[in-house]
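K.L.:
pasting the sequence and the predicted model now:
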Amino acid sequence: MTTGTKSEQYHRGLELAEAGQYQEALFRIEEHLHTAPHDVEALNDAGAILHCLGRTTEAINRFVQARRLNPDSAEVVWNLAEAYLADGSAAEAMLLFDDMDRMDILNVDVLNRAANIFLNQANIGHAIEVLLRSLQLAPQQKILSSIIEVIRCKRPRITYFRDPSDLAQSTADINQFISARFPLQHAESHNVEGIYELTRRNDIAWFEGLGDVVAEVSKKPKVGRIVLRLQHLEPYDRWPTQVQWQNIDALIVPDRSSVKETLLAQVPHIKSSTHLVAVPYGVNLDKFKLMDRSSPSPDVCRTDYRRPKNLACVGRLSMTSNPMFLLQCMQKLHYIDPEYKLFFAGPFESLSLEHYVRHMVQSLALADVVSLEPWPQDLNAWLRDKGCIVCSSITDFLGTALLEGMACGLKPVIHNFPGASEIFPSEFLFNISEEFCERVLSESHEPQRYRRFVEENFPMKKSLREIDRILAQLEADIDLQPTDTNLVPGTVNAEVACDMPSRDLTVTPFNGDPGHNAESLWP
């Protein structure tokens, strides 16, 4: 509890609480709150006393009031989380975990207790989420890996189909996210019969793109749940009109009005035929670090050093990504400043386009200026000597490479495709080659601002949470065998659904200090 310049009633209330006379103490604190209803400390203390009296619901109300007045109080947030857990309201406690982590008060005891509550409520989705977080916070908890595997193998079986040419980091992150939480089988076959057979044997078929394949699969008798995540240029293809959308359980599209409008123009009934979910692009900010381009290397700082004159264009080269226009822009920029160079990284969509682009590179005398390279194994490293990330696409199906470049601090120079102004500030956009040159040559360079734009608008965590919500909804619709409870901590007989032998799991809570321990604030 706290003290300070308070009323006599308040101080008397604290004395009574310390003596264990909670009912009288509560009366005194409440009397003080009648005259000082916005006293955060008194609200927090009233909640603590109510908790000691076993009146947890009332305690929660007081902590919620205190938090509204001071969201940054670690004491209030900690007490509110403890009250939620005491009340069995683990879902509400879970909503506090990000703030607790930011305040450096989140610990494995809180997480493991929340997991136990979720498991007792048969909410295995939230349980595994919290346990994964606990294991990340304290990897010393070796037993948690076994417990997570037990739970994971009892969840719906997912077959993950993707185009093998899709090397985007965001796709890899989604794949990793799902595989940590569900039994996941990968498949790259485009044989419709083989794909259909896999959908029969598993609970959920997740298609990462491959809309034309989904169109064929959807025409067969429905046997399982199908999720399709659109990316890149797909809604502008013809296949959406060929899909039996009533056989598709969820269609995930980028969170852009122009994408929805394009789909609705092709398939007016799509919103009533399937579950249409808008999920924003996501960038894994842990994998793309802000690089200081004010100096030639991280160890060198020179005030006369300017950003590199290398431009990066990353992604599949297609008619829609429009590399032809970018070559025209580069020809003009080269005329103004011959030191600038353009680096493409990514595969060509067609041989005819590759022949044309290579021909124009020669015809425009850009052979020493433009480089055509394969997709880099380490995009973060490949971007290190680049100053701008450029995009000439005619649609907003950009993929995430442009945003990943911005997260690294590269200056964005983006063709004003339909809907671009919904996404980017106007100073990032250009219409004609002269404006392209102006944007590149401008002295304005704000690496922190470019990264902050991605952090605020396109964090991978936000995308993954939406994906987790979609899968949780599908899981709720699937009849699974019941899950064992009381896994953390305690003893459980767990029969694992993925060919592991039955065994007893005795779990001892981790007692080490991961550096995030906090003492209870109860009186």
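P.N.:
Arrived safely, thanks for sending.
K.L.:
check contacts around the closest residue in space to residue 267 that isn't next to it in sequence.
P.N.:
Distances taken as Cβ to Cβ, 6 or more residues apart in numbering put residue 240 closest to residue 267, at 5.3 Å, once the chain neighbours are dropped. (C-beta placed from N, C-alpha, C; glycine too.) By Cβ atoms under 8 Å, 6 or more residues apart in numbering, the contact set of residue 240 is 211, 215, 234, 263, 266-267, 270.
K.L.:
so which bits of stretch 78-88 are buried?
P.N.:
78-87 (16 or more other Cβ atoms under 10 Å).
K.L.:
no wait, stretch 423-433
P.N.:
Buried residues in stretch 423-433 (16+ other Cβ under 10 Å): 423-424, 428-430, 433.
K.L.:
cool, and stretch 336-351?
P.N.:
For stretch 336-351, by 16+ other Cβ under 10 Å, it's 340-346, 348-349.
K.L.:
for stretch 434-447, same thing?
P.N.:
Going by 16+ other Cβ under 10 Å, stretch 434-447 has these buried residues: 436-437, 439-440, 445, 447.
K.L.:
how near is the residue nearest to residue 267 to residue 270?
P.N.:
8 Å (Cβ to Cβ, to the nearest Å).
K.L.:
what do the two both touch?
P.N.:
residue 263.
K.L.:
picking that back up, out of the buried residues of stretch 78-88, who's nearest residue 375?
P.N.:
Residue 375 has its nearest neighbour among the buried residues of stretch 78-88 in residue 81, at 43.8 Å by Cβ to Cβ.
K.L.:
and the pLDDT for that closest one?
P.N.:
For residue 81, the pLDDT comes out at 96.
K.L.:
what residues are up against it?
P.N.:
Counting by Cβ under 8 Å, 6+ apart, residue 81 has contacts 93, 96-97, 100, 110.
K.L.:
name the element it belongs to?
P.N.:
For residue 81, the host element (DSSP states H and E) is helix 74-86.
K.L.:
how does the chain divide into domains?
P.N.:
Domain assignment of the chain by automatic domain parsing yields the ranges 8-152, 155-282+462-477, 310-458.
K.L.:
so which of these is nearest residue 291?
P.N.:
Taking the domains of the chain one by one with Cβ to Cβ, domain 310-458 is closest: 5.3 Å.
K.L.:
which pLDDT value goes with the nearest residue to residue 266 once chain neighbours are set aside?
P.N.:
In space, and not counting its chain neighbours, residue 266 is closest to residue 240: 4.9 Å by Cβ to Cβ, 6+ apart. Per-residue confidence (pLDDT) for residue 240: 87.
K.L.:
for residue 240, grab phi and psi.
P.N.:
phi -60, psi -30 (degrees, to the nearest 10).
K.L.:
same check on residue 429?
P.N.:
Dihedral angles (degrees, to the nearest 10) for residue 429: phi -100, psi 150.
K.L.:
same for the top helix by length along the chain, what does it pack against?
P.N.:
Across the chain, the longest stretch assigned as helix under DSSP state H is helix 460-477. Secondary-structure packing of helix 460-477 (3 or more Cβ pairs under 8 Å, 6 or more residues apart in numbering; DSSP states H and E): helix 124-137, helix 169-179, strand 225-229, strand 250-253, strand 275-278.
K.L.:
the inter-axis angle of it versus helix 169-179?
P.N.:
Interaxial angle, helix 460-477 versus helix 169-179 (axes from the mean of the first three to the mean of the last three Cα atoms, to 10 degrees): 40 degrees.
K.L.:
for residue 368, helix, strand, or coil?
P.N.:
coil (DSSP: H, G, I helix; E, B strand; the rest coil).
K.L.:
per-residue pLDDT, it?
P.N.:
Looking at residue 368, its pLDDT stands at 95.
K.L.:
check residue 510 too.
P.N.:
Per-residue confidence at residue 510 stands at 30 (pLDDT).
K.L.:
ok, residue 184 next?
P.N.:
90.
K.L.:
need the contacts of residue 240 in a markdown table with neighbour count, distance to residue 288 and secondary structure, can you?
P.N.:
Below are the contacts of residue 240 laid out as a markdown table (neighbours: other Cβ atoms under 10 Å; distance: Cβ to Cβ, whole Å; DSSP: H, G, I helix; E, B strand; the rest coil):
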| residue | neighbour count | distance to residue 288 | secondary structure |
| --- | --- | --- | --- |
| 211 | 20 | 28 | helix |
| 215 | 21 | 34 | helix |
| 234 | 20 | 25 | helix |
| 263 | 20 | 29 | helix |
| 266 | 15 | 34 | helix |
| 267 | 18 | 35 | coil |
| 270 | 19 | 33 | helix |
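K.L.:
would you turn those into JSON lines with distance to residue 222?
P.N.:
Below are the contacts of residue 240 laid out as JSON lines (distance: Cβ to Cβ, whole Å):
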{"residue": "211", "distance to residue 222": "18"}
{"residue": "215", "distance to residue 222": "14"}
{"residue": "234", "distance to residue 222": "22"}
{"residue": "263", "distance to residue 222": "21"}
{"residue": "266", "distance to residue 222": "22"}
{"residue": "267", "distance to residue 222": "18"}
{"residue": "270", "distance to residue 222": "17"}
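K.L.:
which one of those residues is nearest to residue 455?
P.N.:
Distances from residue 455 to these, taken by Cβ to Cβ, are shortest for residue 234, at 27.3 Å.
K.L.:
how about residue 206, phi and psi?
P.N.:
According to degrees, to the nearest 10, residue 206 has phi -110, psi 120.
K.L.:
for the one 10 residues further on, same thing?
P.N.:
Backbone torsions for residue 216, taken as degrees, to the nearest 10, come to phi -70, psi -40.
K.L.:
burial count for it?
P.N.:
18 (other Cβ atoms under 10 Å).
K.L.:
pretty sure it contacts residue 192?
P.N.:
Yes. Using Cβ atoms under 8 Å, residue 216 makes contact with residue 192 at a distance of 4.5 Å.
K.L.:
quick one, helices of the stretch 351-500 of the chain?
P.N.:
351-363, 379-382, 401-407, 420-423, 433-441, 447-457, 460-477 (DSSP state H, counting those that start in this stretch).
K.L.:
can you tell me how far the residue nearest to residue 267 sits from residue 263?
P.N.:
Counting by Cβ to Cβ, the gap from residue 240 to residue 263 is 6 Å.
K.L.:
any idea which of the helices and strands packed on helix 460-477 scores lowest on pLDDT?
P.N.:
Comparing mean pLDDT across these, the weakest is helix 169-179, with a mean of 84.
K.L.:
may I see the buried residues of that one?
P.N.:
169-171, 173-175, 177-178.
K.L.:
closest to residue 354 out of these?
P.N.:
Using Cβ to Cβ, the buried residues of helix 169-179 come closest to residue 354 at residue 171, 23.0 Å.
K.L.:
start and end of stretch 372-386, how far apart?
P.N.:
15 Å (Cα to Cα, to the nearest Å).
K.L.:
oh sorry, the question was meant for stretch 187-194
P.N.:
10 Å.
K.L.:
same check on stretch 266-275?
P.N.:
In stretch 266-275, first residue to last residue: 17 Å (Cα to Cα).
K.L.:
please name the residues that touch residue 110.
P.N.:
Residue 110 neighbours (Cβ under 8 Å, 6+ apart): 81-82, 85, 93, 97, 100.
K.L.:
apologies, that question was intended for residue 134.
P.N.:
108, 111-112, 115, 141, 144.
K.L.:
ok, which pair from these is furthest apart?
P.N.:
Within the contacts of residue 134, 115 and 141 form the most distant pair, 11.3 Å apart (Cβ to Cβ).
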